[in-house]
Structures are given as C-alpha cells and as structure tokens.
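Chemist: Just a sequence and a predicted model for now, questions to come.
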Amino acid sequence: MDRSVKEALRDSLKILPGYLVLGIGFGVLLKANGFGILCASAMSIFIYAGSMQYAAIDLLHTGASLISCFLMTVMVNIRHLFYGLGMRDKYQKLKRHRIYDIFALTDETFSLVCSKDMTGLDPERYYFFLSLLDHLYWIAGSVIGSVFGDVLPFDTEGIEFSMTALFLVVVLSQWEKTKDHTSVLLTVVISVLCILIFGRERFLLPGMIGVVVMLEVLRRTKGEGDA
C-alpha cells in the first residue's frame, strides 16, 4: 500500500464513526417506512447525499410528485454546486476517476481534501481512495441499519443536527493543522451577515454565493501574490 492510499485510509477514519452511525439511522428509518435493503443500498450507492436521503424517506412515504422531489433535491443539495467550484483547480487536473470524485464530494470529504497538504502524495490515488472509503462507510451503515432495523433501538430526536456536528468536527480538525484561517473566519462573517439580512430560512443561497465570491477573490489575490 503506497503512501497516498495510506493517507486516504487514515484521513477517512475521521469520517468512519459518523457515517456509520448516520448511515445506520438512515437504514433504520427507511426500514420503518417499509423499504428494504435493496432500496437502502441503491439510494446510498447512487444518491449518496446524507441529508437528502433522509428527506427522501418522507418523499417516498408520502408519494410526492417528481417536481416536488426535484425542487427538494435542489434546495437541499445546492451547496454542492458552490463548494464544488472551490475544488475545480484540484479536480480539473485529474485524468482518472474525476467523474466519481466529483460525484462523491460530500461535505465531510470536501473539508478534508480542500486543505490537505498533498506534498509527496499522488492526487489521483488520494482523492479517489478517500472518496471511495467514505462512500463505502456510508453504504455499510445504511445496509446495517436496514438489516437490523427491526431490532436496533434508535432514537431519531436531534438527528437532523448530526451531519452538521460531523462537519464541524472535521473543520476544527483542519483548523488545528493550518496557520491561515482567513477563509474560515470570512466564511463565518459572511454567513452571520446573511442570516441577519435574509433570515435563517433564506440565508443559505446568498451566503454560499458570498462565500464562493470571497474564495475566488482570495484565490486570485494569492495567485497574484505568488507571481
């Protein structure tokens, strides 16, 4: 096992506990709503979006229309578009697995790869194996929850905050490893301002647009400074 794969495995272990627990929760809830292991596996393999998969349970249970499903998916996952733009410089250089790496770029995987020191690592192998391992953890949790859903006691109260908590843990871990916290601090400021201006129900989209603009300005400024 080369260093790139070892680093991917080591970093993915930070995600393993959270994805297993949240995946199990998803599998249990899906089973409770009448959907079995095949549905749990297919959703985790092909959708692979934790918060959207939880939202999809209600959509499936209530027989929501395709338009409703589409609009809900856009609202829940619109953040992927914006933080995906932040990875374009890294991912556009990939020759293999690029499509899968883009598909598998979850919140937690993004928080790891965006600030990873790639010195001495092969980006192709590191990005792919980190994404694949995180994906497998989520699938495993979903399958376990679906198989043992009838016997596993699972309290869903507060579970909607679990994905946020996991992301915060990873962000704090990266904070400790980096010296320049400008982007994180500006992101917090922009988010707070958008909450004050647009309210908690409507701040997400303008907040993300502001963050993307800010990151692009920082990227260009840094590039000019290095020139």
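Modeler: Sure, I can see it.
Chemist: Could you list the domains of the protein?
Modeler: Per automatic domain parsing, the structural domains of the chain span 3-158, 179-227.
Chemist: looking only at pLDDT, what's the mean for the shortest one?
Modeler: Computed over domain 179-227, the mean pLDDT rounds to 78.
Chemist: now stretch 6-14
Modeler: For stretch 6-14, mean pLDDT is 94.
Chemist: Tell me how far it lies from the chain's centre.
Modeler: 16 Å (CA atoms, centre = their mean, to the nearest Å).
Chemist: quick one: contacts of that stretch?
Modeler: Stretch 6-14 is contacted from outside by 1, 112, 116, 121, 125-130, 133-134, 137, 169-170, 173, using CB atoms under 8 Å, 6 or more residues apart in numbering. Backbone N, C-alpha and C define where each C-beta goes, glycine included.
Chemist: pull the CA atoms of that stretch into PDB?
Modeler: This file holds the C-alpha atoms of stretch 6-14, laid out as PDB (Å, rounded to 0.1, in the frame of the first residue of the first chain):
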ATOM      1  CA  LYS A   6      -2.400   5.100   3.500                       C
ATOM      2  CA  GLU A   7      -3.100   8.800   3.900                       C
ATOM      3  CA  ALA A   8      -6.500   8.400   2.400                       C
ATOM      4  CA  LEU A   9      -7.300   5.500   4.800                       C
ATOM      5  CA  ARG A  10      -6.000   7.400   7.800                       C
ATOM      6  CA  ASP A  11      -8.000  10.500   7.000                       C
ATOM      7  CA  SER A  12     -11.100   8.600   6.100                       C
ATOM      8  CA  LEU A  13     -11.100   7.100   9.600                       C
ATOM      9  CA  LYS A  14     -12.100  10.500  10.900                       C
END
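Chemist: for the longest helix anywhere in the chain, packing partners?
Modeler: For the chain, the helix with the greatest residue count under DSSP state H is helix 123-147. With contacts defined as 3 or more CB pairs under 8 Å, 6 or more residues apart in numbering; DSSP states H and E, helix 123-147 has these neighbours: helix 3-12, helix 16-32, helix 37-46, helix 88-91, helix 98-103, helix 107-113.
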